[in-house]
Each structure stands twice: as structure tokens, then as C-alpha cells.
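Chemist: below is the structure, and that's it, no one-letter string:
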Ligand code: SIN
């Protein structure tokens, strides 16, 4: 490299340039080591534990408080989540609350009601419709607007000769620090190959070699290469094909801009429908259903611990709020995933995702001196803790012009390892996006810092998506147990399809063996409101929140 030519640095502010020069000076040495097959040493188990304990945001006690009402009473959860779980219903329900018997008021009658139109909801709709029942999908924004379409790097499936579902199972348990529900992990890895095959049949364009063989990559914390990707827009491509399939099925109706704001339950304690708010105006809609599936996704837009997020604008924990009020148990809400590489610069993009696939192809983490400080493919929570440690304790982070901090991800090394053109080909989305902002990822490292990415905990489910409440099912990020306290990359895209399909099929079977309830109502809500009164909970907080607080 010609170190006197600095023309490629002109798009960066002065404050960052000297540090980039140090990254460039250490690059050749790192390339030589990579080509010799040497990697930065992984942390010992005891260091991993210590770094997690000292630096992972989940460990911050000041960010949590105990719940004072509901089935999780006494458990410590993030304050922003606790406030919502103990919030008051939305104002638009005031009139409905006076009439707890809503049996005559159905605007929509269906067999299966699905709340949420992202990846899990769409998969559930397909499975239920293919089982022969009538399906109604109520989605907050447009069909497909969700964390699924934001997922970049890939989906884990153990389909290679050197791999097996057993190996995958062990990786998932290890990555989750053995806090996962083994029955759910078994379901996840067992259905993997079928899901991959299904997506191929639907026309999903996976990355392949000219021979037709799937390209697979390493994710953090995995013992085998099993990440299947579509460039760096894997979730978007997945949603393209499953949404097409859903649209082709005549017994699926999708209702956009109509988020569910309350479940309906009946005198037998069964889930029998929901109340929908119409974002475009009008009275709430009442849906009567024989079974209900919650697939509302995560909570990144609550910005726990004031972190930025990689999440879609709709990720506001709505499903958790509705389920909790209805008495459905939640688990592991204290455990969230902070993805190691959110964008730290340019400032306008703070928190958006830089996929782990960059590290899977060899981009290392470097501090402001251009020195590597952690093996880039540690499990995600460990990598995140290591970055926070490097910036906060070691004071080795790179300061941005607006006072933020980050570490470098040395992306140009990828082309030097794998050949020119690799970055453009493997990361078409981010490559073009940054080029448009004057940052050429073939030449410049990117500044990264952890971003709130995923909700590890959620509704307690069984392996077919069933919950404690008869007639109520759930799938995807709104549920807990699959990943334990730490999800490995690429297991979310697999999870939404495995459990979406399972929940859809089981909810359809349930609907086929039951009749519509004749006592749908909101009595569970009245009981919950009484508890809130008794505990003198804040009357100002309204839930579900539906949109981030900074939306008008
Ligand atoms: C990524 O591409 O790094 C995110 C995908 C995931 O969280 O599994």
C-alpha cells in the first residue's frame, strides 16, 4: 500500500484519519498472519465469564427493576420493559372496557388470527392456510415490515457433510450458556434442512458456487460453517418469497396498519380473538377467532439502557404487553442481545447493523492504534463485552466528532484475503449504501459499537408454539427459551420459520377441533387493572406502545 496517498481519506473527518492510517499500517502484518491460518486467540472460559460480568449491558443492575404485578411479579427486567408490562390500556379501549362481553361485536370472524406480519407471522399464516383453515393476519405496518427484513447475514442450517443437527444443537446450547430450553433447540435444528429445502422451492436466491453448491460461512460461536445467505440482504430475500407464497393462498387475509392492542379471552380462559386499532383512523375492530398466534417480534425500539438499535420501527414489545396482561408467563426478559457491530460513524446511521458476515469472511476488530483486541467470532455477547471493555476500561476506542466511540472493523482486509470483488459481491447492500455516502468499504474500515439487536427472552412456549393459555400460540422473537441467554448469528431466521410453521399448523389443528367462543371479552384486563391500581402503578404509561417514543 502507498502510505503517502491519502486521497481515499478525504470523506472522513480529520479526527478519524490518523487512526485509520494506523489501521492501514498494521494491515499487511495481519494479512500475512491470516494467510498462514493464524487467528487472534479465543478467550479462556474464565475470561469470558469475567468480561461478560463486568461489561455486558445485561449485567447493569441500574437498568432493571422488579415487576410488581402479573405472572412475572418479583422478577427483575429492564426498566423500559417493566414500565410497558405494567402500563394502562390504550385510550381507544375506554368504551370497550365498559362492555366486557364483546360477543355480538365481531367485525371480523376467522379460524386463526395471527398478530404480526413479519417472518414468523407469514410462515404461520402459510402453514395454517395450507392446513385448510381461514387465516386473518393483523399487522401493525405493511405486510413484511419487521426485523426479518432487516436481517442481513444468514440462516444457520446444518446441511454440509461435515456437519449435523447434533453439532448444531451443541453449538446453540453452548452459545446460550446452557440456559436454553433443550426441547426447543431440538425442534430448531431438526427442522433446519426441511426449511432450507422449502425456501429453495419457493425460489429464494441463496449464495451458491457455479456448481450449484450452497456457499456456507462461519458465524460467531459456531463449530462449523453453516450460515446460508443471500448477499447481505438474506431476511429481505426470505420475506420476498414467503410473502409471495402467502399472497397466493386465497384463505389468507392480511390487514395492514391494524395492530392488535388487546387479546380477547373467554369464560374458559381461552384466547378467542383480539381488539385491533386502526392506525389510519376509525373505531377499533373486534376479531373473533378459534385460535390466536402472536408473532409481534422484539423490543429494540424501547432503546434499553439508552442504546441505539438495529431494529425495525415496529419493534416495541406489543405482543409481550398483551400476553402479560392476559396472564401468560414470560421468561428471561432480563437477557437481551447487543449486536457487536452497530454503525458508530457516520452519525446519521448510528445503531444500524453491520452484519457479522463481515467477520465470518475475516474482518477483524481493531482499536484506535490499529491493534486487534478480541477474536472476532467469539459468541456475540462476549464480543460485545470485549468492545465495551476496550472502549471504557482500556480507553482504546476511537472518538467520533459527535463524542461517540467505536472500534474499527477492518473490512478492506476481506478483498486481500479472498480476492478483489469479494466485498462488492458478498455485501451488495451495505457496499452500495456506503459508497453513496462517500465511504468505499474496499478502502476504508468501518467504525462500530454494540447496538440493541434482539430480545433473547419472551413468551414461554412448547415445541409446537403452544402457550399456557388454551388457543394461544406464539413464534419468533416474541418467544423465549430457544436461544437461552445468548443467540448465535443466523438462528433467528431459522427460528421464525421453524416455529412459525409449527405454530401455524398446530393453531390450525386447534381451530379445526373447536367452535367460536360465545363469551369473548376483556375480563382478564379488568383483573389486571385492579392489580395495577392496588400497586399504585404509573397511570401515565400507555401500552402497547406501537411506535417508538420519538414518533409524533
Ligand atoms: C447479522 O447479520 O449479523 C445479523 C443476523 C442475526 O442476528 O442473526
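Modeler: Perfect, I can see it now. Just so it is clear, the structure is predicted and the values come from calculations on it, not from any experiment. Residues are numbered from 1 along each chain as shown.
Chemist: how about the residues of the stretch 401-550 of the chain by the ligand?
Modeler: Residues of the stretch 401-550 of the chain lying close to the ligand by C-beta under 6 Å from any ligand atom are 489-490, 492. C-beta coordinates here come from the backbone N, C-alpha and C atoms, glycine included.
Chemist: format those as CSV; extra columns: neighbour count and pLDDT.
Modeler: CSV is the format used below for these (neighbours: other C-beta atoms under 10 Å; pLDDT from 0 to 100):
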residue, neighbour count, pLDDT
489, 30, 95
490, 26, 97
492, 25, 98
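Chemist: let's see which of the residues you listed end up in helices.
Modeler: Within those, residues falling in helices by DSSP state H are residue 492.
Chemist: right, and the ligand sits closest to which residue of the protein?
Modeler: Of all residues in the chain, residue 153 sits closest to the ligand, with a separation of 2.5 Å (C-beta to the nearest ligand atom).
Chemist: how about the nearest residue to residue 176 once chain neighbours are set aside, what does it touch?
Modeler: Once flanking residues are discounted, residue 176 sits nearest to residue 484: 2.6 Å by C-beta to C-beta, 6 or more residues apart in numbering. Contacts for residue 484 (C-beta atoms under 8 Å, 6 or more residues apart in numbering) come out as 173, 175-181, 332, 335, 456.
Chemist: return the distance of residue 484 relative to residue 185.
Modeler: 8 Å (C-beta to C-beta, to the nearest Å).
Chemist: coming back round to it: verify the stated contact: the residue of the chain closest to the ligand with residue 489.
Modeler: Yes: look at residue 153 against residue 489 with C-beta atoms under 8 Å: they come within range, at 6.0 Å.
Chemist: common neighbours of the two, please.
Modeler: Jointly contacting residue 153 and residue 489 under the rule C-beta under 8 Å, 6+ apart are 219, 227, 356.
Chemist: check residue 4 and give its pLDDT.
Modeler: For residue 4, the model assigns a pLDDT of 68.
Chemist: one more: residue 296?
Modeler: Reading off the model, residue 296 has pLDDT 98.
Chemist: which residue packs closest to it, ignoring adjacent ones?
Modeler: residue 319 (3.2 Å).
Chemist: report pLDDT for that neighbour.
Modeler: Taking residue 319 on its own, its pLDDT is 98.
Chemist: residue 100 too?
Modeler: 53.
Chemist: just the element for residue 339, please.
Modeler: Counting by DSSP states H and E, the element that carries residue 339 is strand 336-343.
Chemist: now for that strand, which elements pack on it?
Modeler: The contact analysis (3 or more C-beta pairs under 8 Å, 6 or more residues apart in numbering; DSSP states H and E) places strand 336-343 against helix 380-392, strand 446-455.
Chemist: what's the offset of it from the middle of its chain?
Modeler: Centroid displacement of strand 336-343 relative to its chain, using C-alpha atoms, centre = their mean, to the nearest Å, is 11 Å.
Chemist: contact partners for the closest residue to residue 75 other than its chain neighbours?
Modeler: Nearest non-adjacent residue to residue 75, counting by C-beta to C-beta, 6+ apart: residue 67, 5.7 Å away. Counting by C-beta under 8 Å, 6+ apart, residue 67 touches 73-75, 77, 82, 85-86.
Chemist: roughly how far apart are residue 67 and residue 333?
Modeler: In this view, residue 67 and residue 333 are 9 Å apart by C-beta to C-beta.
Chemist: which neighbours do these two have in common?
Modeler: 75, 77.
Chemist: quick one: residue 300 and residue 315 touch, right?
Modeler: Yes: under the criterion of C-beta under 8 Å, residue 300 makes contact with residue 315 at 4.5 Å.
Chemist: anything in contact with each of the two?
Modeler: With C-beta under 8 Å, 6+ apart, residue 300 and residue 315 have common neighbours 147, 309.
Chemist: tell me the angle of the strand holding residue 339 relative to strand 446-455?
Modeler: Going by axes from the mean of the first three to the mean of the last three C-alpha atoms, to 10 degrees, strand 336-343 is angled at 150 degrees with respect to strand 446-455.
Chemist: so what's the most centrally placed residue in the chain up against?
Modeler: The chain has residue 454 as the residue nearest its centroid, 4.1 Å off, counting by C-alpha atoms, centre = their mean. By C-beta under 8 Å, 6+ apart, the residues touching residue 454 are 147, 298, 300, 336-337, 339, 477, 487, 492.
Chemist: who's more crowded, residue 300 and residue 315?
Modeler: Neighbour totals were compared for residue 300 and residue 315, and residue 300 leads with 31 against 26 (other C-beta atoms under 10 Å).
Chemist: with adjacent residues omitted, what lies nearest to the more buried one?
Modeler: Among residues not flanking residue 300 along the chain, residue 311 sits closest, at 2.8 Å (C-beta to C-beta, 6+ apart).
Chemist: do residue 52 as well
Modeler: With C-beta to C-beta, 6+ apart as the criterion, residue 52 has its nearest non-adjacent residue at 5.0 Å, and that residue is residue 385.
Chemist: please verify my assumption that that neighbour contacts residue 50.
Modeler: No: the criterion here is C-beta under 8 Å, and residue 385 misses it with residue 50 at 9.1 Å.
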